[in-house]
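In: only geometry, no sequence info:
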């Protein structure tokens with residue numbers, strides 16, 4: 001293993017002739033490159049943090065202004081400090097300098113303080129402007145004079161400088177805390193179509209008692225958390241919804257992202273894995289250097305970029321009561337699973353990222369290896385697919401020391417995980433089952449060929465098709481979708497392949513070969529692995545996944561009807577579910593709250609009074625089509641407003657969730673919260689973005705676009721649209 005080689009890089013021999021030091025020059029050179037790379041990234045992070053603080057100004061322009069202001073003061077040409085610099089020379093510590101040096105020091109101090117105050121003021125004004133949400137509710141291109149003035153002010157303050165990834169973080173608004181009265185009103189309206197009169201009256205009474213009773217106390221505690229935290233929801237959401245869940249994360253939490261279905265680049269597995277690995281590691285370097293442009297709505301409103309820093313070098317670590325997300329720094333290797341064998345694959349050499357040709361050589365070495373898995377190695381990854389408590393106990397007992405600990409740390413510290421599968425899946429427009437099988441394989445594999453704890457596993461099939469399996473606790477789908485879209489467009493649109501399907505370029509250095517990870521699996525550990533694999537296999541067999549490529553029309557037609565495409569789809573789902581189940585049920589749709597600092601998601605409730613009225617009209621043959629169209633537009637408007645409310649921090653469920661957490665901390669029972677939080681989501685829906693970066697023209701290069709991805713069903717039915 002690499003650790004063993006590094007351990008013997010230096011050797012000392014003491015004899016009667018004196019002290020003799022032997023060392024491996026190649027390993028010492030590699031250590032020097034690693035140290036140089038680490039310090040270079042530290043300096044880059046430090047410099048970028050300075051640039052983030054002075055944004056929307058630039059450091060050179062700021063320095064020039066400070067020097068110019070100071071020079072004018074010292075030369076007596078014109079004193080922009082209005083005499084304050086000269087007065088300051090009389091105070092410590094400038095009084096101990098000669099008059100000219102004291103004047104220079106005091107003028108620099110006043111200039112720096114003045115410009116820093118001005119920058120703070122500009123950033124504060126920008127943050128206040130970003131709190132404006134009226135732009136979301138107005139039709140694009142038909143903005144009011146107030147919104148137009150807002151656009152002009154924001155554009156003026158943002159300047160012409162291209163923003164870095166985290167430039168807006170310090171100016172992002174704080175997620176507002178809704179009033180208790182408003183949340184109760186919204187909640188009762190959301191459940192009205194689901195309850196009969198008696199149950200609705202009962203729920204209204206519970207809500208009223210809560211609002212006038214313990215709810216006020218919970219709200220005060222939550223208000224205090226809102227005042228002292230950057231986001232009153234996100235940390236509790238990550239902890240209690242994701243990390244404290246003891247059920248398997250495979251299918252229940254992890255989600256998948258698809259390849260470009262029309263991809264025709266190469267069928268060589270090693271070549272595709274090499275190009276995508278190089279593209280993803282290049283994107284990681286861009287995150288470190290903040291070269292990724294933050295996503296902007298209408299090219300003006302920034303989305304929070306907080307989740308990006310854990311995209312790579314991150315792993316979920318199991319615990320007895322709760323897991324934790326551990327982020328490492330700047331790993332120089334990935335871990336590959338092929339034919340039940342784990343390999344540590346170096347991705348850097350001589351202080352640089354290996355080029356695609358060199359990475360292809362690494363993957364070819366793995367695929368050409370005919371060795372057999374060690375006892376228990378081929379089922380080992382099933383531990384991450386089973387119950388979390390069981391995995392934590394096994395980890396503490398059998399993987400806390402020795403060889404197993406070193407190998408496990410190698411996996412957890414890897415930049416990401418790669419699975420080279422022997423299976424082949426593809427898209428065939430004449431056989432929908434092939435797409436179903438492909439997506440289901442990405443969602444869960446066979447229960448033993450993904451490391452489900454890693455931030456993401458890149459899956460590369462034998463025929464060159466690829467995809468991702470993503471752990472959900474550290475980030476939401478759009479963040480991963482951004483990285484994956486960038487990698488696919490980089491792979492197909494810029495890097496490309498030779499005519500024979502291999503990667504372009506030449507091997508400039510012989511990289512350190514992949515190293516097999518060693519394991520010592522006892523019989524007791526093997527029984528625990530078998531138990532996890534049995535559970536994982538049963539979960540895989542219990543999922544029924546169907547993917548529909550709907551080609552009749554798309555969002556373009558929906559927009560011509562002057563309705564929101566999302567609202568249109570949600571109404572179609574409500575109609576389909578009503579026809580299938582014979583009733584309406586509580587429906588979940590995810591909305592993002594990344595307009596706020598550290599924002600993640602909020603729940604939209606698509607089953608509304610208006611949507612039920614539309615569905616009922618569609619099932620009633622006596623209702624005219626004209627009336628159905630009117631109800632469709634009314635329902636779409638109500639849904640769109642609710643969606644925008646959630647984006648603007650006016651949602652229902654995250655507020656109620658946090659109130660429930662407060663009640664548990666205070667050990668005070670609330671019948672209202674207990675009933676609300678126990679209501680099952682019978683229908684769970686999500687939408688996955690297809691394009692976010694704008695790096696390619698969809699109409700000209702449809703082969704570079706991924707259809708998105710999907711989640712496993714939360715309860716009984718799960719639907720995901722892209």
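Out: That came through fine. Remember, predicted model here, so these are calculated numbers, not experimental data.

In: Let me see the contact set for the spatially closest residue to residue 395 that is not a sequence neighbour.
Out: Leaving aside its chain neighbours, residue 395 sits nearest to residue 318 (5.9 Å; criterion: C-beta to C-beta, 6 or more residues apart in numbering). Any C-beta I mention is one placed from the backbone N, CA and C, and that applies to glycine too. Residue 318 is in contact with 388-389, 391-392, 395, 453, counting by C-beta atoms under 8 Å, 6 or more residues apart in numbering.

In: Need the max-distance pair from those residues.
Out: Pairwise distances across the contacts of residue 318 (C-beta to C-beta) peak at 14.2 Å, for the pair 389 and 453.

In: Mind checking which of the contacts of residue 318 are buried?
Out: Buried members of the contacts of residue 318, scored by 16 or more other C-beta atoms under 10 Å, are 388, 391-392, 395, 453.

In: ok, those vs residue 459, which is closest?
Out: Taking those together and measuring to residue 459 by C-beta to C-beta, the closest member is residue 453, at 15.4 Å.

In: now that closest one: how far from residue 391?
Out: Applying C-beta to C-beta, to the nearest Å, the value for residue 453 to residue 391 is 8 Å.

In: about what we covered before: go through the contacts of residue 318 and flag which are in helices.
Out: Residues of the contacts of residue 318 located in helices (DSSP state H): 388-389, 391-392, 395.

In: Out of the residues you listed, flag the one nearest to residue 645.
Out: Closest to residue 645, out of all of these and judged by C-beta to C-beta, is residue 388, at 34.3 Å.

In: between residue 453 and residue 391, what contacts are shared?
Out: 318, 384.

In: Format the buried ones among the contacts of residue 318 as CSV; extra columns: pLDDT and distance to residue 436.
Out: Formatted as CSV, the buried ones among the contacts of residue 318 follow (pLDDT from 0 to 100; distance: C-beta to C-beta, whole Å):
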residue, pLDDT, distance to residue 436
388, 97, 29
391, 97, 29
392, 97, 34
395, 97, 34
453, 98, 26
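
In: which one of these is nearest residue 519?
Out: Using C-beta to C-beta, those come closest to residue 519 at residue 395, 13.2 Å.

In: can you pull the contacts of the closest one?
Out: 318, 383, 408.

In: Tell me who's in contact with the last one.
Out: If I follow you right, that is residue 408. By C-beta under 8 Å, 6+ apart, the contact list for residue 408 reads 395, 399.

In: which element is it on?
Out: Assigned by DSSP states H and E, residue 408 belongs to helix 402-412.

In: just how off-centre is the helix or strand containing residue 274 within its chain?
Out: Residue 274 is located in helix 269-289, with elements delineated by DSSP H and E. Distance, stretch centre to chain centre, for helix 269-289: 17 Å (C-alpha atoms, centre = their mean, to the nearest Å).

In: May I see the buried residues of it?
Out: In helix 269-289, counting by 16+ other C-beta under 10 Å, buried: 269-281, 283-288.

In: Quick one: list the elements packing against that helix.
Out: Packing contacts for helix 269-289, counted by 3 or more C-beta pairs under 8 Å, 6 or more residues apart in numbering; DSSP states H and E, involve helix 25-54, strand 352-353, helix 356-367, strand 417-420, strand 456-460, strand 466-470, helix 477-489.

In: any idea which helix or strand comes after the last one?
Out: Beyond helix 477-489 on the C-terminal side, the first helix or strand identified by DSSP H and E is strand 515-516.

In: Okay, now the sheet partners of that following strand, with direction.
Out: With DSSP bridges as the test, strand 515-516 is paired with strand 341-346 (antiparallel).
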